[in-house]
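Student: Show me the folded form of this:
(chains A and B)
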Number of protein chains: 2
Amino acid sequence: MTSHPPLLNDRLLRALRRQPVDRTPVWIMRQAGRYLPEYRASRERAGSFMALCQTPELACEVTLQPLARFPLDAAILFSDILTIPDAMGLGLSFVEGEGPRFARPLRSAADIEALAVPDPAVELRYVIDAVSLIRRELAGKVPLIGFSGSPWTLACYMIEGGGGTDFRRAKALLAEQPELMHRLLDVLTRAVIDYLAAQRAAGAQALQVFDSWGGVLAPHHFREFSLRYLERIAAALGQGDAPDRVPLILFAKGANGSHLTALADTGADALGLDWTQGLAEARRLTGDRVALQGNLDPALLYAEPGAIEREAAAVLADYGRGPGHVFNLGHGITPQVRPEHLGALVDAVARLSPRWHAPAD
Amino acid sequence: MTSHPPLLNDRLLRALRRQPVDRTPVWIMRQAGRYLPEYRASRERAGSFMALCQTPELACEVTLQPLARFPLDAAILFSDILTIPDAMGLGLSFVEGEGPRFARPLRSAADIEALAVPDPAVELRYVIDAVSLIRRELAGKVPLIGFSGSPWTLACYMIEGGGGTDFRRAKALLAEQPELMHRLLDVLTRAVIDYLAAQRAAGAQALQVFDSWGGVLAPHHFREFSLRYLERIAAALGQGDAPDRVPLILFAKGANGSHLTALADTGADALGLDWTQGLAEARRLTGDRVALQGNLDPALLYAEPGAIEREAAAVLADYGRGPGHVFNLGHGITPQVRPEHLGALVDAVARLSPRWHAPAD
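Tutor: Residues are numbered from 1 along each chain as shown, chains lettered A, B, ... in the order given. The predicted model follows:
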């Protein structure tokens, strides 16, 4: 075990454990991303998105960039959710303006049966090394979040061959051959558990699972093909009530309403919410058993700073008093946002949130 | 008043009024669409999508095409939700493979202030003529549904200039200048009411409002910028408890959960649901005050017919016993679906639904 310097800002971890804080912690999904000119410069130097992910020094460099600009309360590993399928041999690349593409998408039962769980220390070594390096470079300034895609979301990309689809192949497969879909989800679940456990061992202080496509499913399909596997992940990574447990955040985009109740029952510490779910209603649905992370509409960062501040105030008021709120967007920040608009948001949360944590009169 | 032949199949109207039926009525959003070879042939002959919409004989021809193939329980006017903004002077066209585009999108307060409510009998005459013609040609076989886009959805397209966006301009406007957005929504609401009333007068036997983009809003924005105007439309078109009232269906895609309760309070007769909202839960949320329409995941039509039948059975079982269900997809049918797959769905609903309407033992 490496010994680490003490954590100087523990707001995120306290909020995820539903402990009192002085103000609402804030971090932003895709905070190390294309909206930052310094990110675009690093990406240019790396030559490709994959080179940026696969070179720990560069991944560390871009992970730290937003922290140098904004007083954020967490760093998140710079990587991609599709590293696991790439390590399984599907051949990931990123086509400019089109997003991820697999050279060898899953096209048959034999393709699925041939998949093996990657060893994070070997096939995903570059990610684990990046986690260690970033944790060291952070020097306790803020905690480091590790992450993975969810089994269902990875399966979608692996079957469709990329993003931006209506998921017709994945949905036809689950309706026609549910047992084959479960076989795929099982191997992915084992891979996600090993991968997140390895990130935790390397220094990640919180973990987030992105179920980006959970919300595209009908409710009975969500329960059978996504939720069930999120439950397995939460059970496998659980550490009981240890005070130093590494919190787990589940973000199932679009899985709102009664799905939140089920997600809160998985044993995860926190749920990420997109902007279409009210926070007050989510507190009611989850009975305050979990922390909630979110959920400003990312498109509102295109409005002028005064409007951004009003909308941030509305999100804080919707959550209301007491611990357990981590401020974030409801989805990743988009490339055309002006960095000073994010600055206005982070400042607004710092300025406006303490009143929601002050002792009641 | 034209006198019309008696309606031979009143399942849709009875279900929308929550009256008993022998089996669950079924129609399909975009049932007259590109998945049908005969539609593609008509579209080819017309020269453009707009010519198809604007020529009543051609609009009638394609409206009737799916009824010749499948035992559907309703016809829906062939038209587009963007006819109102086109009539307001924005210049609608359809770019192959890219969807709708406005030549003159709204770019300033002056653009918004210059908008006037179109007279349906003049600027939208081609639609009203199509409604009359289709009603005549149907000769009472099944009822005819008229429709409009919702004010919020029309506003999105008019501000963004087309579809397929993240709505950043529309969302920035509502956050920065809410009063200007309300001015736009007000003129659109008056236009939608006049337009739907004219379709009803010309022979439409049910009306549907498509709020295709209601679900992209945060809850407080949905209530302020979409729901409020749907309420005005429902109030203006309401006809009390008249037995021959023309039912109103509100379809706010993605506006699930607690939004359904609010939508049921508008006085509309029925709510359309997308596939991410469970029907049993929707019944609970709406207290059986409205009929519910939906909601098979449209991507499941890419699965083989046996799987389609199982999924149709799951939708019927989710709604459960009793009146008030109209079977539909949760969104429009997509162009690459094979027509015989839709045939399998329509047959499955006819075969499997009577048991949910039989008297209890």
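
Student: can we go C-alpha only for contacts and neighbour counts from here?
Tutor: Will do.

Student: Can you name the residues bridging to the nearest residue to residue A:77 once chain neighbours are set aside?
Tutor: Excluding the flanking residues, the one nearest residue A:77 by C-alpha to C-alpha, 6 or more residues apart in numbering or on different chains is residue A:146, at 5.5 Å. Counting by DSSP bridges, residue A:146 forms beta bridges with residue A:207.

Student: Please name the residues that touch residue A:146.
Tutor: Neighbour list for residue A:146: A:76, A:77, A:131, A:196, A:199, A:200, A:204, A:205, A:206, A:207, A:208 [criterion: C-alpha atoms under 8 Å, 6 or more residues apart in numbering or on different chains].

Student: ok, now with 10 Å
Tutor: A:75-79, A:127-128, A:131, A:195-200, A:202-209, A:248 (C-alpha atoms under 10 Å, 6 or more residues apart in numbering or on different chains).

Student: One more: residue A:240?
Tutor: Here residue A:240 is in contact with residue A:267 (criterion: C-alpha under 10 Å, 6+ apart).

Student: I'd guess it is in a strand, am I close?
Tutor: No - remark: residue A:240 does not belong to a strand; assigned using DSSP: H, G, I helix; E, B strand; the rest coil, it is coil.

Student: And it, how far from residue A:233?
Tutor: Distance check for residue A:240 against residue A:233: by C-alpha to C-alpha, to the nearest Å, it reads 14 Å.

Student: list residues touching both of those two?
Tutor: residue A:267.

Student: pLDDT below threshold where in the stretch 251-361 of chain A?
Tutor: In the predicted model, the stretch 251-361 of chain A carries pLDDT under 70 at residues A:361.

Student: Show me where it has its strands.
Tutor: All strands of the stretch 251-361 of chain A, identified by DSSP state E, counting those that start in this stretch, fall at A:270-272, A:291-293, A:325-326.

Student: Let me know which of those is the nearest to residue B:122.
Tutor: Judged by C-alpha to C-alpha, the one of these that comes nearest to residue B:122 is strand A:270-272, at 50.4 Å.

Student: Show me what that closest one packs onto, helices and strands only.
Tutor: Judged by 3 or more C-alpha pairs under 10 Å, 6 or more residues apart in numbering or on different chains; DSSP states H and E, the packing partners of strand A:270-272 are helix A:11-16, strand A:206-211, strand A:248-252, helix A:258-264, strand A:291-293, strand A:325-326.

Student: Kindly recompute the last result at 8 Å.
Tutor: Here strand A:270-272 touches strand A:248-252, helix A:258-264, strand A:291-293, going by 3 or more C-alpha pairs under 8 Å, 6 or more residues apart in numbering or on different chains; DSSP states H and E.

Student: Please name every helix or strand in contact with the host helix or strand of residue A:134.
Tutor: For residue A:134, the element it lies in under DSSP states H and E is helix A:125-138. The contact analysis (3+ C-alpha pairs under 8 Å, 6+ apart) places helix A:125-138 against helix A:49-54, helix A:56-69, strand A:144-149, helix A:178-202.

Student: Now with 7 Å, please.
Tutor: helix A:56-69, helix A:178-202 (3 or more C-alpha pairs under 7 Å, 6 or more residues apart in numbering or on different chains; DSSP states H and E).

Student: relative to strand A:248-252, how tilted is the last one?
Tutor: Spelled out, it's helix A:178-202. Helix A:178-202 and strand A:248-252 are oriented at 140 degrees to each other (axes from the mean of the first three to the mean of the last three C-alpha atoms, to 10 degrees).

Student: So which residues make contact with helix A:178-202?
Tutor: Residues outside helix A:178-202 that contact it (C-alpha atoms under 7 Å, 6 or more residues apart in numbering or on different chains): A:112, A:116-118, A:120, A:128, A:131-132, A:146-148, A:151-152, A:155, A:173-174, A:229, A:233, A:236.

Student: Any idea how far that helix is from the middle of the chain?
Tutor: Here helix A:178-202 is found 16 Å from its chain centre; the criterion is C-alpha atoms, centre = their mean, to the nearest Å.

Student: quick one on the thing from earlier: distance of the residue nearest to residue A:77 from residue B:296?
Tutor: 36 Å.

Student: ok so, going back, okay, the residue nearest to residue A:77: pLDDT?
Tutor: What the model reports for residue A:146 is a pLDDT of 98.

Student: And residue A:1, by the same measure?
Tutor: pLDDT, read off for residue A:1, is 54.

Student: got any ranges where the stretch 1-150 of chain A has weak pLDDT?
Tutor: In the stretch 1-150 of chain A, residues with pLDDT under 70: A:1-2.

Student: what does the stretch 251-361 of chain A put close to chain B?
Tutor: A:257, A:275, A:276, A:277, A:278, A:297, A:299, A:300, A:302, A:303, A:304, A:307 (C-alpha under 7 Å from any C-alpha of the partner chain).

Student: was I right about the third one contacting residue B:218?
Tutor: If I follow you right, that is residue A:276. Yes - contact status for residue A:276 versus residue B:218: in contact at 4.5 Å, counting by C-alpha atoms under 7 Å.

Student: And these two? Which one has more around it.
Tutor: residue A:276 (26 against 20; other C-alpha atoms under 10 Å in any protein chain shown).

Student: and that one, what does it touch?
Tutor: B:216, B:217, B:218, B:219.

Student: Now with 8 Å, please.
Tutor: A:254, A:297, B:215, B:216, B:217, B:218, B:219.

Student: same question, residue A:10
Tutor: Here residue A:10 is in contact with A:73, A:142, A:143 (C-alpha under 8 Å, 6+ apart).

Student: Tell me how many other residues surround the second one.
Tutor: Using other C-alpha under 10 Å, the number of residues around residue A:142 comes to 24.

Student: And the last one, by the same measure?
Tutor: The burial metric for residue A:143, expressed as a neighbour count using other C-alpha under 10 Å, is 24.

Student: can you list the contacts of residue A:10 in TSV and add distance to chain B?
Tutor: TSV is the format used below for the contacts of residue A:10 (distance: C-alpha to the nearest C-alpha, whole Å):
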residue	distance to chain B
A:73	25
A:142	30
A:143	29
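
Student: Of these, which is the nearest to residue B:47?
Tutor: When those are compared for distance to residue B:47 (C-alpha to C-alpha), residue A:73 wins out at 57.6 Å.

Student: Mind checking the pLDDT average for the helix or strand where residue A:174 lies?
Tutor: Here residue A:174, judged by DSSP H and E, is contained in helix A:168-176. Helix A:168-176 comes out with an average pLDDT of 97.

Student: got the CA coordinates for that helix in PDB?
Tutor: Once non-C-alpha atoms are left out, helix A:168-176 reads as follows in PDB (Å, rounded to 0.1, in the frame of the first residue of the first chain):
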ATOM      1  CA  ARG A 168     -32.200  -1.300 -32.500                       C
ATOM      2  CA  ARG A 169     -29.600  -4.100 -32.500                       C
ATOM      3  CA  ALA A 170     -29.200  -4.200 -28.700                       C
ATOM      4  CA  LYS A 171     -33.000  -4.100 -28.200                       C
ATOM      5  CA  ALA A 172     -33.700  -6.700 -30.800                       C
ATOM      6  CA  LEU A 173     -31.100  -9.000 -29.100                       C
ATOM      7  CA  LEU A 174     -32.600  -8.600 -25.600                       C
ATOM      8  CA  ALA A 175     -36.100  -9.300 -26.900                       C
ATOM      9  CA  GLU A 176     -35.100 -12.200 -29.100                       C
END
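
Student: I'd like to know which elements that helix is packed against.
Tutor: Helix A:168-176 packs on helix A:151-160, helix A:178-202, helix B:305-319, going by 3+ C-alpha pairs under 8 Å, 6+ apart.
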